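Q: Just need the structure, nothing else, for what follows:
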Amino acid sequence: MPKTDTGAKKRAPRKPRRKKAETEEFEQERVTLEHEGVRDISAREVTITAGGARDITKAGSVTITQGGANAIDAKTVTVTQGAVLDANAGTLNVKQGAVLRVQAEEAEVTQGAIGLVQAENVELEASGAVAVIGTNIEVTAGGAQYMLAREGIRVEQGGALLMAAPRIDVQNGGAMFLIAREVHGDIRTLLDRRGALVFGLAVGIAIALLGRMRRK
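A: Residues are numbered from 1 along each chain as shown. Coordinates of the predicted model:
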């Protein structure tokens with residue numbers, strides 16, 4: 001009869017290792033500033049009241065009241081009666097404040113001022129901006145020099161120098177130049193579609209040249 005090795009133990013199949021859940025790392029869990037200023041901050045939660053920071057390099061949420069910062073990179077940014085030069089956020093909410101440049105998924109500004117905002121959805125209420133670029137733009141009692149949307153622009157009691165989108169809906173407002181496939185409402189324009197198209201082409205070329213100069 002063949003011999004069998006009863007002492008040998010069969011190795012159990014290895015279980016696949018579970019991947020550790022990816023967690024964001026911050027230098028601090030929470031930072032609260034009141035009537036003081038710091039240089040750079042990285043924290044899960046940042047609250048600034050009547051103070052300031054140079055750069056908030058990474059944060060989960062940032063709340064600024066009567067304060068300011070040079071640059072912010074966070075998931076959620078709320079600015080009330082404050083000012084920020086450069087904000088990169090998932091959601092941005094500004095009330096009676098000002099931001100020079102914004103890049104976000106959702107941007108809502110109430111009684112505030114914005115330089116350039118690039119976001120999927122933009123809402124301006126009683127606010128003004130130099131340029132608004134997004135997928136959908138909604139303005140109430142406000143306006144911008146330039147509004148460019150991939151899907152639609154809706155304005156109530158406001159206007160712009162240039163509006164360009166596939167669909168534009170304006171109630172009690174106007175634009176100097178208008179480019180759209182569909183126009184609804186009572187909008188007042190200075191140039192017809194052909195004149196606006198020529199102007200829009202010139203603006204697009206100018207923006208492209210400026211971007212190339214910046215990269216150089």
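Q: Run a quick neighbour tally on residue 171.
A: The local packing count at residue 171 equals 14, with neighbours defined by other C-beta atoms under 10 Å. (Glycine included, C-beta is placed from N, CA and C.)
Q: Which of the three states applies to it?
A: Three-state assignment for residue 171 (DSSP: H, G, I helix; E, B strand; the rest coil): strand.
Q: Double-check it against residue 186; I have them as touching.
A: Yes - using C-beta atoms under 8 Å, residue 171 is in contact with residue 186, at 6.6 Å.
Q: Check which helix or strand residue 118 maps to.
A: If you go by DSSP states H and E, residue 118 is part of strand 113-125.
Q: So which residues make contact with the next helix or strand after that strand?
A: Tracing the chain past strand 113-125, the next element assigned as helix or strand by DSSP H and E is strand 128-140. Contact partners of strand 128-140, identified using C-beta atoms under 8 Å, 6 or more residues apart in numbering, comprise 107, 109, 113-126, 142-158, 165.
Q: Give me the buried subset of the residues you listed.
A: For these, burial is judged from neighbour counts taken by 16 or more other C-beta atoms under 10 Å, and it is met by 107, 109, 113-114, 116-119, 121-125, 142-144, 146-149, 152-156, 158, 165.
Q: For the protein, which segments count as strands?
A: Residue ranges of the strands in the chain, as given by DSSP state E, are 28-34, 37-49, 52-65, 68-80, 83-95, 98-110, 113-125, 128-140, 143-156, 159-164, 167-179, 182-189.
Q: Report the contact partners of the residue found closest to residue 29 once you drop the neighbours it is linked to in the chain.
A: Taking C-beta to C-beta, 6 or more residues apart in numbering, and ignoring the residues beside it in sequence, residue 29 has residue 44 as its nearest neighbour in space, at 5.3 Å. With contacts taken as C-beta under 8 Å, 6+ apart, residue 44 has the following neighbours: 24, 26, 28, 29, 30, 59, 60, 61.
Q: So which residues make contact with stretch 87-105?
A: Counting by C-beta under 8 Å, 6+ apart, residues outside stretch 87-105 touching it are 62, 64, 71-86, 106-121, 127.
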